[in-house]
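Q: kindly generate the corresponding structure for this input.
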Amino acid sequence: MQSFDTTSAVGGRAGTLFQDIYACGADGELPFKSLHLNLARPIKRITVSSGWILDGFAVTYNTTDGQTTTVEHGSQFSSPAVIDLNPNEILVSVFGRAGYQSYYKREFISNISFGFFDTVKGTARIVGPFGNSNGANEGKPFLCSEVVAFGGFAESKATEGLSGLFFHKGVGKRYE
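A: This next block holds a predicted model:
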């Protein structure tokens, strides 16, 4: 059985709740069932749509049956930033700023960055930040380590679709 912890949310709560650690049943309704993520290497790709804020993102997950599944949240731009993980990399940190945005008059994810660790080479890389293109630096800093999946609040809109995030963290050994 897969085990994980869930953090508290950062940013706003507008829109529909999503939890990538779960996938809808065949009919798209409850009950939810586990995605059965490959916890050793759960994430294959992250695409980010951003401008003044983090508007939306998509994550491609590796599953235990050797397949992948991609989920999108919030606004998806036609030319997003694409982050591909090499087969030896894991996501070790997600950080940025989140909170009230005076221009939009509501809470969002202001910006986000990702830290990756190559478990074979022992090297690290940081990708980002995405968002905050207006330089406002509003909101409070956040940091989460050992993220295996994302959750949050989003709606399908042309822009400003993603409101807030929380993180699912793996419990126990993640990689060999």
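Q: which non-adjacent residue is nearest the residue nearest the centre of the chain?
A: Closest residue to the average C-alpha location of the chain: F150 at 4.4 Å, with C-alpha atoms, centre = their mean. Excluding the flanking residues, the one nearest F150 by C-beta to C-beta, 6 or more residues apart in numbering is D20, at 5.0 Å. C-betas here are computed from N, CA, C, even on glycine.
Q: need the pLDDT of that neighbour.
A: As summarised for this prediction, D20 has a pLDDT of 89.
Q: mind starting the numbering at 470 from now?
A: Renumbered: residue one is now 470, and that last one reads D489.
Q: looking at the chain, which helix or strand is least sure?
A: Lowest by mean pLDDT, DSSP states H and E among the helices and strands of the chain is strand 502-503, with a mean of 56.
Q: what's in contact with the next helix or strand after that one?
A: Once the chain leaves strand 502-503, the next helix or strand it forms, by DSSP states H and E, is strand 512-519. Contact with strand 512-519 is made by 523-531, 537, 539, 543-546, 549-554, 559-560, 580-581, 583, 597, 599-600, 602, 617, as judged by C-beta atoms under 8 Å, 6 or more residues apart in numbering.
Q: could you give the average pLDDT over strand 512-519?
A: 96.
Q: quick check: angle from the helix or strand following it to strand 512-519?
A: Using DSSP H and E, the helix or strand that follows strand 512-519 towards the C-terminus is strand 523-531. Inter-element angle recorded for strand 523-531 and strand 512-519: 170 degrees (by axes from the mean of the first three to the mean of the last three C-alpha atoms, to 10 degrees).
Q: tell me the angle of the helix or strand that comes right after strand 523-531 relative to strand 523-531?
A: Using DSSP H and E, the helix or strand that follows strand 523-531 in sequence is strand 537-543. Orientation check (the same axes, to 10 degrees): strand 537-543 against strand 523-531 gives 170 degrees.
Q: any buried residues in strand 537-543, and which?
A: Neighbour-count burial for strand 537-543, counted by 16 or more other C-beta atoms under 10 Å, picks out 540-543.
Q: F599 - how many residues pack around it?
A: 24 (other C-beta atoms under 10 Å).
Q: helix or strand for F635, which one?
A: strand 631-639.
Q: how about that strand as PDB, C-alpha atoms only?
A: C-alpha atoms of strand 631-639 as PDB (Å, rounded to 0.1, in the frame of the first residue of the first chain):
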ATOM      1  CA  LEU A 631      -4.800  28.000 -10.800                       C
ATOM      2  CA  SER A 632      -5.600  29.400  -7.400                       C
ATOM      3  CA  GLY A 633      -3.700  27.400  -4.800                       C
ATOM      4  CA  LEU A 634      -1.600  24.300  -4.200                       C
ATOM      5  CA  PHE A 635      -0.800  21.700  -1.600                       C
ATOM      6  CA  PHE A 636       1.600  18.800  -1.800                       C
ATOM      7  CA  HIS A 637       1.500  15.000  -1.300                       C
ATOM      8  CA  LYS A 638       4.800  13.800   0.200                       C
ATOM      9  CA  GLY A 639       5.900  10.200   0.100                       C
END
